[in-house]
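Asks: Sequence first, predicted coordinates after that:
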Amino acid sequence: MEQLIGALDSARQGKTSPIEFTPAEAGQAPRWVLREDLPASATALEEQHGERIAAVVRTSGSTGTPKQTLLSAEALAASAQATAERLNGHGQWLLTLQPSYVAGLAVLTRSLIASTTPVPLLEGTTDPRRFAAAAEAMTAARRYVSLVPTQLSRLLETADAHTLAALRRFDAILLGGGASSPELLDRAANLGLHVIRTYGMSETCGGCVYDGRPLPGVSITTGITHDHDGNAHGDHASTPISLSGPMIALGYAEQDLTAARFDHDERGERRFRTDDLGILIQEAADSPVLRVTGRADDVIVTGGVKVSAEAVRLGLLADEAVREAFVGPAPDATWGQRVCAAVVMRSGDDLPEQTTARLRAELGTAAVPRQVHVLAALPMLSTGKPDRRRLLQLFAEAPPPSTGT
């Protein structure tokens, strides 16, 4: 850990070229390269913003070609400080995600700023015994961990009293990298875990919205705001989310992509225009709360009807028999696209008929998956997110359902 943090600190201080961590092979420690090969457009971004690039993070590529995100030393520090302010203090972190991904890099940065040493657990993160042992190795007064929903879900599925006690030792469990089902959040709360839902991405140095509220210095804009009674003000549909603040990346190594996604808000802060859709909900006199409703590219158009893949996924997860779910489209000669789902079951071999009936009643007939693939486990990226491209390929290659189904 000391070598990883030392390499990051040298890049942050400008003693070396920007650093990029690379995915570690099984049984190997994370590695890094110094990015001396960045294009002239990266230097131009440094000069434009007056900030030094410290790290390069590639987006996961789960929905497209990976992009090289340029994170400045100032942005990384701003993210770490804002996180500590929201969590009421710096602390020691359990590192459960590779630093080649922004969530892992954020843990290293927070540890560097806090002068603490993270405890690594980069393999077997959902093994209850290994997780508990790593958590018990933490010695600081305040302890934190960042997990993706799949990791927490699998830990709670198999956790014994020993593991639950280890989970309860954390002052906060940050849960990000994808939407969390209400059932998972309720179960964690009932077990006495302090879970905080986070929203962010590589372009924001990781999570910058906690439980729907922005971290200090962060501004959220969408095209719609609801009051606490549900009355809409603005456009009457979810609209793209934009995030601005001091932790926004300088841009991408690919110059044309930078211009398409980054600009400045009315405060002069850098702004990133996301692919996500959402609304802001005004709760009394408090600041609005962000509700992420899906992605612009998760809308499935089937027979001329628009269906939110995320709404269907959450509808599937509302059934206690369903442990994990992924929803996406497949080409269809009749409907244009058809709604497909991959599920991992807790009990039973097939999706219960009452689940289909509930989806039809709540979301409409078009939202009912025309094909359901029951898997032993969802294919995952090393980030802990479902491998979207593999699952969509599975849907596309499956024989179409018979007419009338």
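Replies: Perfect, I can see it now. Numbers count the residues shown, from 1 in each chain.

Asks: Report the residue spans of the stretch 1-150 of the chain with pLDDT below the cut-off.
Replies: 60-65 (pLDDT under 70).

Asks: Report pLDDT for the residue nearest the centre of the chain.
Replies: With distances taken as CA atoms, centre = their mean, G177 lies nearest the centre of the chain, 1.6 Å away. Note for G177: predicted pLDDT of 83.

Asks: Which residues are in contact with it?
Replies: G177 makes contacts with A103, V148, P149, T383, G384, K385, as judged by CB atoms under 8 Å, 6 or more residues apart in numbering. For every residue, glycine as well, the C-beta is placed using N, CA and C.

Asks: Kindly indicate the member of those residues with the most neighbours.
Replies: Within those, most neighbours by other CB atoms under 10 Å means A103, with 26 neighbours.

Asks: Assumed it was part of a helix.
Replies: Yes. Assessed with DSSP: H, G, I helix; E, B strand; the rest coil, A103 lies in a helix.

Asks: just checking, F272 touches R261?
Replies: Yes. F272 is within contact range of R261, at 6.1 Å (criterion: CB atoms under 8 Å).

Asks: on that earlier part again, so the residue nearest to the centre of the chain, which state does it fall into?
Replies: Quick answer, by three-state DSSP: G177 is coil.

Asks: gap between it and G217?
Replies: 22 Å (CB to CB, to the nearest Å).

Asks: ditto for L185
Replies: Counting by CB to CB - L185 and G217 are separated by 26 Å.

Asks: Overlap of the contact sets of F272 and R261?
Replies: E203.

Asks: Okay, P182 and A376: tell me how far apart.
Replies: 25 Å.

Asks: before we move on, back to that, how much space between the residue nearest to the centre of the chain and S146?
Replies: 9 Å.

Asks: Walking through the stretch 51-200 of the chain, point out its strands one by one.
Replies: With DSSP state E, counting those that start in this stretch applied, the stretch 51-200 of the chain shows strands at 53-58, 68-72, 92-95, 119-120, 143-147, 172-175, 195-201, listed in chain order.

Asks: Tell me, how many residues neighbour the nearest residue to G104 once chain neighbours are set aside?
Replies: Computed as CB to CB, 6 or more residues apart in numbering, the closest residue to G104 that is not its neighbour in sequence is L97, at 4.1 Å. Other residues within reach of L97, judged by other CB under 10 Å, total 25.

Asks: Report the beta-bridge partner residues of F21.
Replies: Beta-bridge partners recorded for F21 (DSSP bridges): W32.

Asks: need the contact list for it.
Replies: L4, P30, R31, W32, A55, Q98, P99, S100, G104, L105 are the contacts of F21 under CB under 8 Å, 6+ apart.

Asks: G251 too?
Replies: If you count contacts by CB under 8 Å, 6+ apart, G251 has them with L45, L70, L257, T258, R261, F262.

Asks: do A135 as well
Replies: Residues in contact with A135 (CB under 8 Å, 6+ apart) are L94, V119, R143, V145, A166, L167, R169, F170.

Asks: and the gap between the fourth one and R110?
Replies: V145 sits 11 Å away from R110, going by CB to CB.

Asks: Report the set of residues contacting both of those two.
Replies: Applying CB under 8 Å, 6+ apart, one finds that V145 and R110 are jointly contacted by W93.

Asks: and those two? which has more neighbours close in?
Replies: Between V145 and R110, counted using other CB under 10 Å, the more crowded position is V145 (30 against 26).

Asks: What about the closest residue to that one other than its chain neighbours, how many residues nearby?
Replies: Nearest residue to V145 in three dimensions, chain neighbours excluded: L94, at 4.1 Å (CB to CB, 6+ apart). L94 is flanked by 23 other residues according to other CB under 10 Å.

Asks: I'd guessed L94 sits against T139; true?
Replies: No. Using CB under 8 Å, L94 makes no contact with T139, being 11.9 Å away.

Asks: how much space between A103 and T239?
Replies: 26 Å.

Asks: ok, now which ones touch E85?
Replies: L215, P216.

Asks: Apologies, that question was intended for H264.
Replies: S244, R270, R271.

Asks: For the last one, what is the enclosing helix or strand?
Replies: Counting by DSSP states H and E, the element that carries R271 is strand 270-281.

Asks: gap between the helix or strand following that strand and the chain center?
Replies: Beyond strand 270-281 on the C-terminal side, the first helix or strand identified by DSSP H and E is strand 289-295. Remark: strand 289-295 is offset 12 Å from the chain centroid, using CA atoms, centre = their mean, to the nearest Å.

Asks: same for strand 289-295, what does it pack against?
Replies: strand 213-214, strand 270-281, helix 309-317 (3 or more CB pairs under 8 Å, 6 or more residues apart in numbering; DSSP states H and E).

Asks: Not counting the helix or strand just after it itself, show me its contacts.
Replies: Next helix or strand after strand 289-295 toward the C-terminus (DSSP H and E): strand 299-302. By CB under 8 Å, 6+ apart, the surrounding residues in contact with strand 299-302 are 306-309, 328-329, 332, 335-339, 366.

Asks: Run me through the strand neighbours of strand 299-302, direction for each.
Replies: For strand 299-302, pairing defined by DSSP bridges yields strand 305-308 (antiparallel).
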